[in-house]
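**Student:** make a model of this:
(one chain, ligands or ions: 1)
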Amino acid sequence: MIEVNELRKSYGSYAAVKGVSFEVAPGEIFALLGRNGAGKTTTVEVLAGFQRPDGGTVRVAGLDPWSDRAAVRQRVGIMLQEAGFFPDLTVARTVAVWRDFTAAPRPVGEALDLAGLSDKARTRVRQLSGGEKRRLDLALALLGRPDVLFLDEPTAGMDPEARANTWEVVSALAARGTTILLTTHYLEEAQRLASSMAIMDEGEIVAAGGIAETLAGRGGRVAFRLPAGVAADDLPLPVTVEGGTAVCRAEDPDLAAQTLLTWAAGRGLRLSGLEVRAATLEDLFLDLPRSAR
Ligand SMILES: Nc1ncnc2c1ncn2[C@@H]1O[C@H](COP(=O)(O)OP(=O)(O)OP(=O)(O)O)[C@@H](O)[C@H]1O
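**Tutor:** Residues are numbered from 1 along each chain as shown. Here you go, the predicted model:
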């Protein structure tokens, strides 16, 4: 549904995107990750037809977002970082105005319901919180029943409950076949929602692939408070110690935990605060060169 091949985009002499390639299959949720200024928004803006690429090819639903802009607009919903709303309009009126520019739009109530904004229908936009404004953005992005959704930091500024609701909406849309590309700084969000990802840094992809597959190959970790009088060297497995917490990285974290517990039991020691878990996207991120985080 989305194909990006050797995409390049510069602002004057500054190369913001330097030969990026990835694909997103229909109904897939794909996360574009990376620190500030990595080139994520620029990539999304090219995909949305707002920017013309300097090099490479980009296809959305088989169409060129720049030259087939009108056709692409009918198929995509876009939630960028800064939406321009009229502050004095109510939420419902804002959606109603937007409907006039949208082919075959959803009813106002349905769009508000999907975005979890029904109870704010009569509130003026200027009275919305930052997270509620993001939800209004989402309602507008969903108005045209898009096949492809571009979500640039969709849950920025949302409280945990609003964020969880948004995750549900996004997952449900994908389950019904909508293809979704999202950028986020919340690695937990990417891990919960997306099946594949690419991490960008300074305009290039530095890691990419299926999230489950990538993490499965990375083992996991066991963490616990180092018992008093025990040194890291006494333990049966190599650990790093930070602030009194020992962390053991292992291909099979369950087996490592067993080894450590057996060792501790044999000495009458407790491993308090024991935590055993598979690798997360955060671990993957922290393993990247410091410059790429
Ligand atoms: N219109 C512009 N003119 C000049 N430089 C720009 C412009 N837009 C973006 N840039 C620069 O291009 C680089 C990539 O920006 P981009 O917004 O794509 O990054 P990002 O990964 O989305 O960052 P963030 O996570 O902060 O949103 C940045 O260094 C930015 O300053």
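**Student:** lowest confidence element among the helices and strands of the chain?
**Tutor:** The least trusted helix or strand in the chain, going by mean pLDDT, DSSP states H and E, turns out to be helix 281-287, with a mean of 83.
**Student:** how long is stretch 30-40 end to end?
**Tutor:** From its first residue to its last, stretch 30-40 covers 12 Å (Cα to Cα, to the nearest Å).
**Student:** hmm, I typed the wrong one, I wanted stretch 113-132.
**Tutor:** The first residue of stretch 113-132 is 13 Å away from its last residue (Cα to Cα).
**Student:** residues making contact with whichever helix in the chain runs longest?
**Tutor:** As far as residue count goes, and with DSSP state H defining each element, the longest helix of the chain is helix 160-175. Taking contacts as Cβ atoms under 8 Å, 6 or more residues apart in numbering, the residues outside helix 160-175 that touch it are 27-29, 114-116, 131-132, 134-135, 138, 142, 149, 151, 154-155, 158, 180, 182, 186, 189, 192-193. C-betas here are computed from N, CA, C, even on glycine.
**Student:** so where does W98 fall, helix or strand?
**Tutor:** Under the criterion of DSSP states H and E, W98 resides in helix 91-99.
**Student:** for that helix, packing partners?
**Tutor:** Packed against helix 91-99 by the contact rule (3 or more Cβ pairs under 8 Å, 6 or more residues apart in numbering; DSSP states H and E) you find helix 108-114, helix 130-142.
**Student:** quick check: buried residues in stretch 176-184?
**Tutor:** By neighbour count with 16 or more other Cβ atoms under 10 Å, stretch 176-184 contains the buried residues T178, T179, I180, L181, L182, T183, T184.
**Student:** which one of the residues you listed is nearest to V95?
**Tutor:** Set against V95, the nearest of these by Cβ to Cβ is T178 (18.8 Å).
**Student:** what separates the closest one from A216, distance-wise?
**Tutor:** Remark: distance between T178 and A216 (Cβ to Cβ, to the nearest Å) = 26 Å.
**Student:** surely A71 touches L63?
**Tutor:** Yes: the pair A71 / L63 is scored as a contact, 5.4 Å apart, by Cβ atoms under 8 Å.
**Student:** can you flag the buried ones in the contacts of helix 160-175?
**Tutor:** 27-29, 114-116, 131-132, 134-135, 138, 142, 149, 151, 154-155, 158, 180, 182, 186, 189, 192-193.
**Student:** so A198 is in which element?
**Tutor:** Secondary-structure assignment from DSSP H and E places A198 in strand 196-201.
**Student:** list the strands paired with that strand, with their directions.
**Tutor:** Strand 196-201 has the following sheet partners, assigned by DSSP bridges: strand 29-33 (parallel), strand 204-210 (antiparallel).
**Student:** which pLDDT value goes with the residue nearest to L288 when sequence neighbours are not counted?
**Tutor:** Leaving out its chain neighbours, the residue that sits closest to L288 by Cβ to Cβ, 6 or more residues apart in numbering is V206, at 6.2 Å. Confidence at V206, expressed as pLDDT, is 91.
**Student:** got the end-to-end distance for stretch 174-190?
**Tutor:** By Cα to Cα, the extent of stretch 174-190 from end to end equals 14 Å.
**Student:** check stretch 152-171 too.
**Tutor:** Start to finish, the residues bounding stretch 152-171 are 16 Å apart (Cα to Cα).
**Student:** so which bits of the protein are right by the ligand?
**Tutor:** Counting by Cβ under 6 Å from any ligand atom, the residues of the chain close to the ligand are Y11, Y14, A16, G34, N36, G37, A38, G39, K40, T41, T42.
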